[in-house]
Structure formats: C-alpha cells, structure tokens
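> give me a model of this one.
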Amino acid sequence: MTRVAIIGAGPYGLSIAAHLRAYGIPFRIFGAPLDSWRRHMPVGMMLKSDGFASSLSAPDDRGTLAAYCAERGISYHATHIPVSLELFNTYALDFQQRFVDDLEERQIVALDRKGDGFVLELDDGEVLQADYVVGAIGITHFSRIPPELAQLPANLMSHSSAHSDLSGFAGRDVTVIGGGSSAVDIATLLHEAGARTSLVARRDMLKFSSPPAPGGRSRWQRIRHPSSGLGPGLRSWTYQKFPNLFRYLPGEARLTIIRRHLGPQAAWTMRDRFEAGVAVAVGETIERASEEDGRVRLVLRSQDGDVREVLTDHVIAATGYYPDISSVDFFSENLRSSIRTHAQMPVVSAKFESSVPGLYFVGLPAVDSFGPLMRFMVGAEYAAPRVARALARRVRRREPVSSMATA
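The predicted structure follows:
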C-alpha cells in the first residue's frame, strides 16, 4: 500500500517526486530513469531548449542545470551555449540520485481502479494498492507513424524514438520522413555515423531557429518578443506564464494552437552539420510504400503532382507524437473508458486530475488542457509543485503525515 504511485521517471515524474519528498508525503515511483532521453534519443543530439529551460524542478529552485554546471566547472550559459544530450542526461541522473534516490526501476504492466483507489501490477509480479496515481508516462507510448508506412516490417521501418545508437546504419541508405527537430537531428547524426541519408518533408521548406544575437537583444526586442522556455515571442511567453487559461479556450481552438504553435523547427546549432551531408526533398508526401527484395520502395508525390520513386534500405519516421490515451497498453479497459477525453487526449483539471478521481496526468498527455507548455521539459516547473501541493493536501486530509510511514 502506498499513498501515491508515480508512473514514469522522466523530468516530470522525478520533479513531482522531489516536491512530494519535501512535503513528507509517502510515495513510490517506478520506471527506468530518464528512459526516453537515454534510450530513445540519438547520441550526439543537442537539446532544442535553452539552458535556462532545461532543468528538472525541485523545491526552492535547487538542483538546476546551472547549479550543476557551476559545481563542476562545466561551461554554461542560459541562452548562448547549447545543451548536449550527454550533459543533460548526466545532470538529470545526478538530480535523480540526489532527490529521488529510492526510484524503483520496475515497470507497471497493469493499472486498474479498486474502490476509492487503484491497483497496480509490476513486471516482477508485485501487486500494489495506491490512493493516488500520477501518470508521468512521457512520450514513448505515443509515437506516431504515417499509415502509409505502418504495414512495413520492423527491420525496414522504425520510428525515430527507437534509436539511440545509430552506428548500425553505417554504409546503408536511410530515408528520414519528417521536417521537424527530430527529423533534422536524426538525419544529421545518421550521416555522421556513416549512412547515406535523405530527408523527405511534407512542408515546402525546413525551418531552423535563429542563433542568439552576439550582443544580446535590445530592450525593445525583449519587450516585443519576451523570452520564455518555449522560445521568444509574446504568445510563447503567455503559454508559459498562464497555461491554466488555455483550458478555457474552445476545443477546436486548442487543437489548432497545439498543432500550429511552435511547429516543425530544428535548432540552429544543427543547420551547418545537416546541410553538410543530408540530401533533402521538401514539399513531398508519401503516396505508398512497399517491401521490395529486402528494401523499401517509396512512391512520393510533390505539391505539383509529380511522382517519383525511391528505393532505400530503411525508413525512419521522425513524425512526432500524439497523446492518444488509448495507446497506453497497461491501462485496463475499465479505466481507459472512464477517462474523459477530447480528441483522444485526457481532459484534466487545474490541478492535473483526470475525470477518474485520484488519477493525474502530466507532460504530453496534459497538452490539450494546458497547451504547448506541456510539450516541453520546462513545463515540469509549472506542473510539479502544483500536483505535489494538491496531493499533499489530499493525503493530509486522509491521515496526518506524522502517523504515516516514510516514503
């Protein structure tokens, strides 16, 4: 029995655990630490977010990336020095060991309601009851693959999230589908790993963010385009500072903003490396794909209607993620059907609680209720203290903390 069970040990799950610990609230947290970052992103990648927006959240602003770098003499700048995936992972693991040292590296294989609480089954057979559950389940459940590619076998087609080490593609011909940051990153790193790499994008051009101005931004620029963890601009600043207001927009407006705001755009740090060796075809969509003698034949149609065919060894779909809650395979059918959704995404309250009492969602599954902020790590700075505070109040109403077992 535990008061709170946290499913997932990424930036959101670890941040909530750190805040709960400060409240003295018993919890158990499950999952491989930073699994998405360590096992589902390519080695050599640079984070899209600036340094100031690449920290996990702990009470009193402890455990920031800036503090970690300062303690170890690592070069750091809030905006001008890109954050490498290697640095972030090392920092985040240190955060976990400092603030959440009792993380249980086991997986939840089943979750269902039981009375006023929940019952969880772990991959080693343990069955656990919890009063409250936080779903900090990250992005890997939600990878999106175009239907034209879905029928291809796994040895010929994969999602970008399936790859960390790209060295196995050396000497092979690989086609990347997508036009955003993930597509540019993985195409660049494939080329640098020795693959013959092409990128096919639906949009008519690839977009890269602008590098920071050498002398910093003027006061007028800072007023017109205020800085935020989502990037410069008044809209991004508003989405970060007032995410709770997003919930009151009409449903279709929310979906449009989620889809369009901060659309496909790669980091400026990757541009030169990308252009050095990746063949690019923009304004093309996949008409069909088929297996042919152990390779993939792609039929591509341009915006002008022209058709061409490509024969490649492997296709990587860097086509993003969509938080369809039905994709979470360890939810029972009873639980899944009880979760109120909009466009397949869970609807959550101002405190991130779903329509199932005691079940909370943070990160990408909460994007329909809190907007673009939930697509980024910096959203943990907003979500973690609020969820932890709400849980602490509910637990304390049930039973004084002093009489409860420690976490």
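
> dump the residue contacts of V119.
The neighbourhood of V119, defined by CB atoms under 8 Å, 6 or more residues apart in numbering, consists of 111-113, 127-130. In this view, the C-beta of every residue, glycine as well, is placed from N, C-alpha and C.

> er, L249 actually
Taking CB under 8 Å, 6+ apart as the contact definition, L249 lies against I257.

> now stretch 340-350 - C-alpha only, PDB.
Extracted in PDB, the C-alpha atoms of stretch 340-350 (Å, rounded to 0.1, in the frame of the first residue of the first chain):
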ATOM      1  CA  ARG A 340     -12.900  11.800 -20.200                       C
ATOM      2  CA  THR A 341     -11.000  12.800 -23.400                       C
ATOM      3  CA  HIS A 342     -11.000  15.400 -26.100                       C
ATOM      4  CA  ALA A 343      -9.500  14.300 -29.400                       C
ATOM      5  CA  GLN A 344      -8.300  11.200 -27.600                       C
ATOM      6  CA  MET A 345      -6.400  13.200 -25.100                       C
ATOM      7  CA  PRO A 346      -7.300  13.200 -21.400                       C
ATOM      8  CA  VAL A 347      -9.100  16.200 -20.000                       C
ATOM      9  CA  VAL A 348      -7.500  17.300 -16.700                       C
ATOM     10  CA  SER A 349      -8.400  19.800 -14.100                       C
ATOM     11  CA  ALA A 350      -6.500  22.900 -13.000                       C
END
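
> any idea how far that stretch is from the middle of the chain?
Stretch 340-350 has its C-alpha centroid displaced from the chain centroid by 18 Å (CA atoms, centre = their mean, to the nearest Å).

> one more: stretch 136-153?
Relative to the chain's own centre, stretch 136-153 is displaced by 14 Å; criterion: CA atoms, centre = their mean.

> phi and psi next, for H314.
Backbone torsions of H314, given as degrees, to the nearest 10, read phi -160, psi 140.

> L120 looks like it's in a helix, true?
No. Residue state for L120 (DSSP: H, G, I helix; E, B strand; the rest coil) corresponds to strand; a helix is not indicated.

> so for it, what's the pLDDT?
Reading off the per-residue confidence, L120 sits at a pLDDT of 98.

> for S210, same thing?
Value for S210, per-residue pLDDT: 80.

> for P232, same thing?
At P232 the predicted local confidence, pLDDT, stands at 80.

> residues near it, how many?
A total of 18 residues lie near P232 under the criterion other CB atoms under 10 Å.

> excluding its backbone neighbours, what's nearest it?
The shortest distance from P232 to any non-neighbouring residue, by CB to CB, 6 or more residues apart in numbering, is to H225 (4.2 Å).

> domains of this protein?
For the chain, the domain assignment from automatic domain parsing gives the residue ranges 2-142+321-403, 157-208+265-317.

> format those domains as TSV; extra columns: distance to L149.
Rendered in TSV, the data for the domains of the chain read as follows (distance: least, CB to CB, whole Å):
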stretch	distance to L149
domain 2-142+321-403	15
domain 157-208+265-317	5
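
> next secondary structure element downstream of the helix or strand of the chain with the lowest mean pLDDT?
Across the helices and strands of the chain, mean pLDDT, DSSP states H and E gives its lowest value to helix 219-224, namely a mean of 71. Using DSSP states H and E, the helix or strand that follows helix 219-224 towards the C-terminus is helix 234-241.

> tell me the buried residues in the helix or strand just after that next one?
Taking DSSP H and E as the definition, the helix or strand that follows helix 234-241 towards the C-terminus is helix 251-260. Within helix 251-260, the residues scored as buried using 16 or more other CB atoms under 10 Å are 254-255, 257-258.

> quick check: mean pLDDT of helix 251-260?
This predicted structure assigns helix 251-260 an average pLDDT of 93.

> report the angle between that helix and helix 234-241.
Relative orientation of helix 251-260 and helix 234-241, computed by axes from the mean of the first three to the mean of the last three CA atoms, to 10 degrees: 110 degrees.

> packing partners for helix 251-260?
Using 3 or more CB pairs under 8 Å, 6 or more residues apart in numbering; DSSP states H and E as the contact criterion, the neighbours of helix 251-260 among helices and strands are helix 367-370.
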